[in-house]
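Engineer: fold the stuff below for me.
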Amino acid sequence: MPVLAELTISDDAEAWADAGFTVRDGRCKIGGVSIRFIDGSDGITAWGFAALDDPVTAIDGVPTASIEAQTMERWTHPNGSTQLDHVVVSSPDSSRTTAALEAVGLPAKRTRDIGKGMQQVFFRAGEVIIELVGPVEPKGDGPAGFYGLAINVEDLDATKASLGERLTDPKDAVQPGRRIATLKTRDLGISTAIAFMTP
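Structural biologist: Down below sits the predicted model:
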């Protein structure tokens, strides 16, 4: 089964370092996922998978690469990040994007109605969940795209204490028994939406 192993993010690497992430030579590693920073402020621009059966260049318009499996080395981060919990992808046509993900070996695991004609569809890509958000009925023919990241931390209260006003106050997450807080990325000059969660 394909494993999400890399993200390309158009952001200032130093801004991520200011948010408590360890950055080395323009890269960051969260759990088993390597992040490669490129110039710009466009957020997540591409992803790479290990163990794809066939090489692909895009999944429903999302730039995609087939890459080698990553080493098991785990980086530590001052903000307590331990693992990428999920990547949020948005689409104007959930059924089309679901079919594209399933075509590369990522079967949909669960669908959740979130009201107002919108739904979430969940896929497992190694240790990371892909969360697809889109309308129940198609609302256009544009490509899918990235929305943001949710990252597990060792101790959310410690992360809040470390980041202070750069992080919202923790609150209960949708997932029972978990808590979440949102990084104020705009204040930090980061274009990628980021939330921190309890495991």
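
Engineer: could you pull out the helices for the chain?
Structural biologist: Under the criterion DSSP state H, helices of the chain are mapped to 13-18, 94-103, 156-163, 185-188.

Engineer: other SSEs contacting the third one?
Structural biologist: Packed against helix 156-163 by the contact rule (3 or more C-beta pairs under 8 Å, 6 or more residues apart in numbering; DSSP states H and E) you find strand 179-182, strand 193-197. In short, each C-beta sits where N, CA and C put it, glycine included.

Engineer: tell me the most buried of these?
Structural biologist: strand 193-197 (a mean of 21; mean count of other C-beta atoms under 10 Å).

Engineer: show me the shaky parts of this structure.
Structural biologist: 70-71 (pLDDT under 70).

Engineer: follow-up on the earlier one: and of the helices and strands packed on helix 156-163, who's closest to residue 64?
Structural biologist: Taking C-beta to C-beta, strand 193-197 is the member of these nearest to residue 64, at 20.4 Å.

Engineer: could you export the closest one as PDB, CA atoms only?
Structural biologist: C-alpha atoms of strand 193-197 as PDB (Å, rounded to 0.1, in the frame of the first residue of the first chain):
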ATOM      1  CA  ALA A 193      -2.600  25.700   7.900                       C
ATOM      2  CA  ILE A 194      -1.300  23.800  10.900                       C
ATOM      3  CA  ALA A 195      -3.000  22.300  13.900                       C
ATOM      4  CA  PHE A 196      -1.400  20.400  16.800                       C
ATOM      5  CA  MET A 197      -3.300  17.500  18.400                       C
END
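
Engineer: tell me which other helices or strands that strand touches.
Structural biologist: Counting by 3+ C-beta pairs under 8 Å, 6+ apart, strand 193-197 packs on strand 81-90, strand 145-153, helix 156-163, strand 179-182.
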